[in-house]
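> quick one, what's the 3D model for this:
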Amino acid sequence: MTFLLDENISPFLCIGLNEIGSKTRHVKEVGLLSTKDEVIFGFAQQSGEIIITHDLDYSRIHALSGAHKPSVILFRIEPVASEIILDFLRTNLTQLKDDLEKGVFVVVEKDQIRIRELPIKK
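Next up, the predicted model:
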């Protein structure tokens, strides 16, 4: 599994995720900083990466695309700190792995995790 961090997620998270065995890149690393979300979505679709974001636009993009991929993990928590994301993934990645590889939209909130299979039905 390979992750692509959206620009609203700290690039320093790449270090922690790589240390726990998850290949991770930041949009800055692939030349997509300040790029439209639709372009990042298409890039992740082509590269097979899972988007980690704090941006609600990806649910709309996915719904309009009708696509099965890329999987997205949306953090709807404040503050969206690298330590919180890393702790969540360290704790839950094993259970989410099969779903993420298949194609899901995961919403992480303070008190719950919602998993929606892709494509998102309109």
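
> so what does the top helix by length along the chain touch, helix or strand wise?
If you go by DSSP state H, the chain has its longest helix at helix 82-102. In terms of contacts (3 or more Cβ pairs under 8 Å, 6 or more residues apart in numbering; DSSP states H and E), helix 82-102 is packed against helix 13-19, strand 72-75, strand 104-108, strand 113-117. Backbone N, C-alpha and C define where each C-beta goes, glycine included.

> endpoints of stretch 49-68, how far apart?
End-to-end distance for stretch 49-68: 13 Å, by Cα to Cα, to the nearest Å.

> quick one: contacts of that stretch?
1-6, 8-9, 13, 25, 37-38, 40-41, 43-45, 70-76, 80, 85, 100, 102-103, 105, 118-120, 122 (Cβ atoms under 8 Å, 6 or more residues apart in numbering).

> recalculate using a threshold of 7 Å.
Identification of contacts with stretch 49-68 by Cβ atoms under 7 Å, 6 or more residues apart in numbering yields 1-6, 8-9, 37-38, 40-41, 44-45, 70-75, 80, 85, 100, 103, 105, 118-120, 122.

> for it, the averaged confidence score.
Taken as a whole, stretch 49-68 has a mean pLDDT of 96.

> all further residue positions should be reported with the first residue as 209.
Fine by me, first position is 209 from now on; the one you just mentioned is stretch 257-276.

> in it, what counts as buried?
Buried residues in stretch 257-276, counted by 16 or more other Cβ atoms under 10 Å: 257-263, 266-267, 269-270, 273, 275.

> in strands only, show me those residues.
Taking DSSP state E as the definition of strands, these contribute Ile258, Ile259, Ile260, Thr261.

> bridging residues for the residue nearest to the spatial centre of the chain?
Residue closest to the mean C-alpha point of the chain, counted by Cα atoms, centre = their mean, is Ile260 at 2.2 Å. Note on Ile260: beta-bridge partners by DSSP bridges are Leu213, Ile281.

> how near is it to Thr299?
15 Å (Cβ to Cβ, to the nearest Å).

> how about Gly311?
Distance from Gly311 to Thr299, by Cβ to Cβ: 22 Å.
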